[in-house]
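Colleague: Pasted the sequence and its predicted model underneath.
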Amino acid sequence: MKSKKIHQPHDKGYKYILKIKKEFINLLKGFVKEQWVDSVTEKHIVRIDKSFIDSHFQGKEADIVYQYRNGEKETIFYILLEHQSTSDKKMMFRLLLYMIEIWRDYLNEKKLTLLPETNDTKKVDFKIPAIIPIVLYTGTSHWHDPKSFKEIIYNASQFEKQSLDFEALFIDISIIDDEDFLRQESVISLAMYLDKVRTLKEFLKKFRIVRLIYNKLNSREQRMLTKWTKEILLERFDKTNRKTIENILDEENPKEVNKMITNLERVIEREFEEKYLEGKTEGKLEGKTEGKLEGKLEDAKQMLLEGLNLSLIQKITQLSLEQIQALQAELKTE
């Protein structure tokens with residue numbers, strides 16, 4: 001078992017969320033398109049409190065291990081949290097090494113030996129659990145390197161039956177549509193949605209939407225998401241912007257939050273002289289910061305600008321389809 005020391009801020013952030021069974025299940029059900037996903041439930045899984053990361057990569061990677069048991073059958077889910085800004089050609093080989101370490105640990109736990117068989121050991125059935133490797137990649141560019149082991153082996157196709165091969169499940173947040181994150185309404189999906197933020201302007205747009213879903217989470221989930229945002233997301237901003245975002249996160253009154261975001265958006269608009277939001281549009285924004293309905297209309301407008309579909313906007317804001325369509329028509333005339 002490797003050292004559990006954490007160097008990379010993302011490590012403690014995503015591990016903090018994914019150590020909760022419900023959030024691990026949410027990750028599977030939201031972003032893994034395999035038939036077996038529906039059979040995995042909270043009552044069938046146990047988190048293994050061990051790490052198998054090589055010491056050379058502890059600053060760039062972290063891992064979560066879950067054991068799944070349904071009857072006598074046993075499976076291990078190995079989630080590698082990959083925080084490099086770009087993809088990695090050697091990833092599949094490292095995954096193999098980590099999987100071997102997991103199997104080695106499993107054999108030790110079960111007191112199974114690799115020594116030559118004796119009369120006693122011949123009576124013991126020797127089987128090892130399947131390991132399902134899942135890579136949660138949070139880099140800014142798309143993952144374009146191998147996702148199967150045979151891709152890094154010379155002449156793998158010629159010796160297909162004799163060559164080692166397995167595929168890893170890759171969850172690449174850079175290619176997932178925003179709607180897919182928002183539709184699930186879970187802590188892990190909202191964290192992944194916010195993780196794509198790189199500027200204050202992006203944060204303000206996305207947080208308008210997240211705030212509406214945030215109110216549907218229970219108190220524990222709300223604390224988890226706030227903690228993740230403060231400890232992970234804020235690290236990429238300078239001191240001034242960090243304080244600005246902290247003030248927004250700490251404000252409990254939804255109307256005040258909406259007002260703070262709108263005012264900050266205006267400041268950013270002036271600073272960058274964004275012509276498409278000058279004059280009339282700015283005046284409309286100013287008039288929509290008061291009142292519950294006005295706030296929902298403003299939220300819906302931002303979602304339309306983000307390109308979300310009407311049914312999802314309706315679900316999040318609770319506005320009528322007619323109100324959203326009217327906003328959509330209004331935007332087309334501006």
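Modeller: In hand now; what should we look at?
Colleague: Just the helices from this protein, written as ranges.
Modeller: With DSSP state H as the criterion, the chain has helices at 9-18, 21-31, 91-110, 178-184, 187-194, 200-214, 219-231, 239-250, 254-272, 280-286, 292-306, 310-317, 321-333.
Colleague: what's the most buried one of the ones you listed?
Modeller: Most buried of those, by mean neighbour count (mean count of other Cβ atoms under 10 Å): helix 187-194, with a mean of 23. C-beta here means a position set from N, CA and C on the backbone, and glycine is covered the same way.
Colleague: May I have that helix as PDB, with CA atoms only?
Modeller: The C-alpha trace of helix 187-194 is given here as PDB (Å, rounded to 0.1, in the frame of the first residue of the first chain):
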ATOM      1  CA  VAL A 187     -22.700  17.200  -5.700                       C
ATOM      2  CA  ILE A 188     -20.200  15.400  -7.900                       C
ATOM      3  CA  SER A 189     -21.900  16.600 -11.100                       C
ATOM      4  CA  LEU A 190     -22.100  20.200  -9.900                       C
ATOM      5  CA  ALA A 191     -18.400  20.100  -8.800                       C
ATOM      6  CA  MET A 192     -17.400  18.800 -12.300                       C
ATOM      7  CA  TYR A 193     -19.600  21.500 -13.900                       C
ATOM      8  CA  LEU A 194     -17.900  24.200 -11.800                       C
END
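Colleague: Show me how far it is from its chain's centre.
Modeller: In terms of Cα atoms, centre = their mean, to the nearest Å, the gap separating the centre of helix 187-194 from the centre of its chain is 5 Å.
Colleague: got a list of contacts for that helix?
Modeller: When contacts are defined by Cβ atoms under 8 Å, 6 or more residues apart in numbering, helix 187-194 is touched by residues 13-14, 17-18, 20, 23-24, 26-27, 30, 138, 173, 176, 178, 180-183, 203, 206-207, 210, 213-214, 217, 221, 224-225, 228-229, 232-233.
Colleague: Lowest mean pLDDT across the helices of the chain, which one is that?
Modeller: With a mean of 47, helix 280-286 has the lowest mean pLDDT of these.
Colleague: Could you report the pLDDT at Ser157?
Modeller: For Ser157, the predicted pLDDT is 90.
Colleague: mind checking which of the helices of the chain is nearest Asp49?
Modeller: When those are ranked by distance to Asp49, counting by Cβ to Cβ, first place goes to helix 9-18 at 10.7 Å.
Colleague: any idea how far the spatially most central residue of the chain lies from Glu160?
Modeller: Centrality entry for the chain: nearest residue to the mean C-alpha point is Met192, 3.3 Å, by Cα atoms, centre = their mean. Taking Cβ to Cβ, to the nearest Å as the measure, Met192 falls 36 Å from Glu160.
Colleague: And for Met99?
Modeller: In this structure, Met99 lies at 21 Å from Glu160, with Cβ to Cβ as the measure.
Colleague: Run a quick neighbour tally on the closest residue in space to Ile213 that isn't next to it in sequence.
Modeller: Of all residues beyond its chain neighbours, the one nearest Ile213 is Glu185 (5.1 Å), with distances taken as Cβ to Cβ, 6 or more residues apart in numbering. Here the count is done by other Cβ atoms under 10 Å, and Glu185 has 18 residues near it.
Colleague: Quick check: Glu185 touching Asn215?
Modeller: No: look at Glu185 against Asn215 with Cβ atoms under 8 Å: they stay out of range, at 10.5 Å.
Colleague: Quick check: Leu264 touching Thr244?
Modeller: Yes: contact between Leu264 and Thr244 holds when scored by Cβ under 8 Å: they sit 6.7 Å apart.
Colleague: and this protein, what are its domains?
Modeller: 9-175, 199-333 (automatic domain parsing).
Colleague: Relative to Tyr14, how far out is the residue in the chain sticking out farthest from the centre?
Modeller: Most distant residue from the mean C-alpha position of the chain: Asn119, 50.0 Å away (Cα atoms, centre = their mean). From Asn119 across to Tyr14, the span is 48 Å (Cβ to Cβ).
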